[in-house]
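no letters, just coordinates:
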C-alpha cells in the first residue's frame, strides 16, 4: 500500500512552527500572493503528494494572557485568508494534486457551501476534498453573532443535519442523466430529472434544487478530524479519510484503535478508512546536516508563540504558570498525550512548561522526525507499522524548504521502496485514493439521498 | 475620457441570449472548466477591458408557466456555479484585468464575505470589485430558510447595515501600519494597531477583528445596480460605479439623469461616479457580414427561453398570454421601458409578445448594435453622448466569439479615436478607474470607519 502524503498548510503567516516565519529561508509572509501557492502546488505535485490539506479558523486565539495580542505578534493563525480561494489558481497549474480544504459547518450556510464545493469539484476536475470541522473558538462565534460557541453535543447535532442538507444537494437533487447538453434538441437539462430537496429540519430549511449541475465526484472527498467520543462517532459515520494528531506512538496507536473500533461499530470496514497523522520532517543529505538544520530552525522558534498556540489548543492560559513549573501541573485534560509523549522520550524526567514550549516550537505537538532521507523513510514506515496509520499530513518548519527537502530527498527513497507511486493513479481525488469510482460508495450514508 | 468596457458574463450555460448556447460556435457549456475562463480573461486583457463583470443568482426562475422547468431546459441562469471561485485562476493568468463579482448582501454573512473579498484583493493585487445586490427571488430566499424574500425596503435596510459591518472590517479594524513583518524584531503585526469592531446592530452582531490583514484596496471597488428609488439612493450613497440597463436612449437618459440627481442629493459630485450600461455588439469586417451574423444568431435564439427570462425579470407569467397579444397589454410596471424602446424603433406599431421575445432573444432587453467596426464605434460613442453614460457592460450573443470580434475589430477603432487606452493605466482596479490612490476617497461613507 502506498503511504498517503498530504501537505498540511494554512493561509496565514504562521501555522505550526511559531516564530519560524522569521527564518531567512522562510517565505510564509508571501501567503497573500498567488505565485507563492502556485509554486507550492507544483512542488507537491512533483513529489506526487496526494493533497494539499488546508487548515482554517474563523476566530483568533485569545487564551494566552487572555489576549489576542500574542496571535497578532506572531502572525499565528491570524491574519488568515480564505483557503477555498487558493484552490482554483493552484488547480490551473497542476493536473493531479488534490486539495483538502477545511470549512466549518458551524457558521456558513450549507446551501452556499454546497455550491462552493460543487464549483470547485467542477473546476478542479474532481480534485477537491472537504475537511469537515465544527468551530471550537468563542472568538469565532462572536464574529457570527453568537456570544459563544454552541456546546459540543449541539455542534455535532447541527453538523449532522448540515451534512444531510449537503448530501441531499450533492447526491439527490440532480439525476445522473439530468444534464443533456443536447444542442440539436435544444435541451440543456431535463427538468423531470431535477428536483427540489425540500429539507425541513431542526436547524435548516432548504428548498433547492441544488444550483450546480452534477460534478465529477458530486460529494467532495470527506475528511474529518474527530478526537472526542462524539467526534469519533461522527467521523466513523461520515468520513472517508480521518486526520489525527498525537505526539507519541502509544497515543497515536490508541487514537487509531479507538477510531477503527468506532468504524466497526458504525458498520464499516475499519480498514477501509485511511487515517493520516500530523508529522513534521526535517531532512538533509546526511544525518549531521539534518541535525544542524534542526538546531538552526530551533533558534528561530518562539517560546511565546508556542505557549500562545498551546494555550489556544488546550483552552488554558499558560501565562498563569511559571516557565519552570512542571508541565504536568497544568490543569487540562487535553495535554495528557503531550505529557505522555514527553515521558516516553525520556522516562522519569519531569518536563517544565518551558521545555514543552520548546518541543512545540517546531510542528506543534506533532512528532518531528529529523535525519537523512533513508532514516526518515524508515522512521515513517515504523510509525505506520507501529500505530496502524495509513499516511501523514506533513507539516514543516520552514516554508517551502520543508516540502522541497522532502520531495527531493525522501520521496525518491519511498519510491524506491515501493511505498510511493512513480506516477499518480488516474482519475479524481476519490479514484486516486480508493481505486474505485469517482462517487461515494453505496454504503455511505450520503447514498441514501440519491436521486431514485 | 476613455470608455469603460466591462465584459458581462455569468457562471452558467445561458446568460442573456437564451438558446444561443446551441450555436455551433458557442462554448458556453464549457463554463465548468477553468481553461474556458482563463482563455476568456486573457482575451479581455488583450482588449484592455476594464473588468470581467460576473452576474450571479441564488435561486432559479420560476415565474414562466409557474415552473422552474424552462430554466433547466434552457440552462438559463441555472445551473449556476459560484462566481468568486473563478477569479483566482483568471487573476493568475492576467496582470491588469479586474474582476467585478456579484454577491448578494441578503444571505451570506458579512464576516465571511468580507474575508473573501479581502482574500481576493490580496491574491489579485487589488483587481477586485463587488457588485452589491440584494436578492430578489423568492426561490433564493427558500434556499436560505425564508419562505420569501424580505420586502424591498427591509432588504435595503439590511444591506445598509451589511455594508457598515464590511466597512468596519475592511477600513477600521487594522491600521495602515499594523502589519510590520519585522523578522529581526519578531513582530508580525502590532497588536495595539488592530482592534475589534464590536458591531451591534439590528441585523448583525460582529465582534472582529477582521481576520485579513489590509489588502491593496481594502474595500473592493463598489459597483451597484440600483433601479428603484431606494436602490438609487443606496447606490448614490455607496457605489463608486453604477451599472444600469435600458433598451432605448430615452429610457437610459432618464435613468442616468435620475442617478446623477440622486448622487447630487447625496452630496457627491454627480460626474464622479461612472455609469455603465448593458449593451450587446455584433460585428464583422463589413456591415453585410455583421447583418448575416446577426441573422444566423437569431436563428438560434429561443422564444421559449426569452419568455422565461422576461417572465423572471418582470415577475409576470407570460405563458398566460397568447403570443400574438400586444405586449403592452401585459400587466407589469417593469416593462414600460421595453415597450417604449420598441415604439421608438418603429413608432405607432403594435408589438406582440412574440416579437418582443424575439427582441429579447439576443442580449436580453439591452440594446444590440450590429455593424462594421467603425459603425459600431460611432454608435457606442453616440450612446454615450446622448445618454450621459461612461461605458458599457458588454454582453454577447455567442461565447466567446462576441468578445473576440469586439477585441479584434472594434477595440482598434476605439483606440485610434483615443477613446480606448493603448495600455492599461497602472495600479489597482480603483487606481485604473479613477487615477487616484488605491483606497476609497475620504468623502466616502466607509472612510468614517477608518482606524483613527
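All right, it came through fine. Predicted, not measured: the structure shown is a model, and the values here were computed from it.

please count neighbours and contacts with C-alpha atoms only from this point.
Fine.

chain B versus residue A:433, what's the distance?
Distance, residue A:433 to chain B, by CA to the nearest CA, to the nearest Å: 23 Å.

that residue - how many residues pack around it?
For residue A:433, the number of neighbouring residues by other CA atoms under 10 Å in any protein chain shown comes to 19.

which residues sit in contact with the residue nearest the centre of chain A?
Centroid-nearest residue in chain A, with CA atoms, centre = their mean: residue A:53, separated by 4.9 Å. By CA atoms under 8 Å, 6 or more residues apart in numbering or on different chains, the contact set of residue A:53 is A:6, A:7, A:8, A:9, A:99, A:100, A:101, A:102, A:393.

for residue A:131, see how far away it is.
Counting by CA to CA, to the nearest Å, the gap from residue A:53 to residue A:131 is 8 Å.

residues shared between the contacts of the two?
Joint contacts of residue A:53 and residue A:131 (CA under 8 Å, 6+ apart) are A:100, A:101, A:102.

so which of the residues you listed are also by chain B?
Near chain B, taking CA under 8 Å from any CA of the partner chain as the test, no member of the shared contacts of residue A:53 and residue A:131 is found.

could those residues go into TSV alongside neighbour count and secondary structure?
Formatted as TSV, the shared contacts of residue A:53 and residue A:131 follow (neighbours: other CA atoms under 10 Å in any protein chain shown; DSSP: H, G, I helix; E, B strand; the rest coil):
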residue	neighbour count	secondary structure
A:100	28	strand
A:101	28	strand
A:102	23	strand
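
correct me, but residue A:2 touches residue A:417?
No - under the criterion of CA atoms under 8 Å, residue A:2 is not in contact with residue A:417, lying 10.0 Å apart.

what about the helix or strand the residue nearest to the centre of chain A falls within, average pLDDT?
Using DSSP states H and E, residue A:53 sits within strand A:51-55. Mean pLDDT, strand A:51-55: 98.

I'd like the distance from it to the chain centre, please.
6 Å (CA atoms, centre = their mean, to the nearest Å).

ditto for stretch A:178-197
37 Å.

kindly check the end-to-end length of it for me.
15 Å.

dump the residue contacts of residue A:219.
A:118, A:167, A:170, A:171, A:439, A:440.

you'd agree residue A:423 is in a helix?
No - counting by DSSP: H, G, I helix; E, B strand; the rest coil, one finds residue A:423 to be coil, located in no helix.

and it, how many neighbours does it have?
Neighbours of residue A:423 (other CA under 10 Å): 12.

residue A:61 is in contact with residue A:315, isn't it?
No - contact criterion CA under 8 Å: residue A:61 and residue A:315 do not qualify, at 9.4 Å.

over to residue A:348. Which of the three states is it?
coil.

so what does it look like in phi/psi?
Residue A:348 adopts backbone torsions of phi 90, psi -20, taken as degrees, to the nearest 10.

name the SS class of residue A:276, please.
From three-state DSSP, the assignment for residue A:276 is strand.

bridged to it, which residues?
When bridges are called by DSSP bridges, residue A:276 pairs up with residue A:243, residue A:391.

could you measure it against residue B:217, distance?
According to CA to CA, residue A:276 stands 40 Å off from residue B:217.

who has more neighbours, residue A:61 and residue A:315?
More crowded of residue A:61 and residue A:315, by other CA under 10 Å: residue A:61, with 27 against 17.

and the more buried one, that one's in a helix?
No - according to three-state DSSP, residue A:61 belongs to no helix; its state is coil.

returning to what we had before: near chain B, list only the ones from the contacts of residue A:219.
Applying CA under 8 Å from any CA to the contacts of residue A:219, those adjacent to chain B are residue A:118.

tell me how many other residues crowd residue A:150.
Residue A:150: 18 neighbours (other CA under 10 Å).
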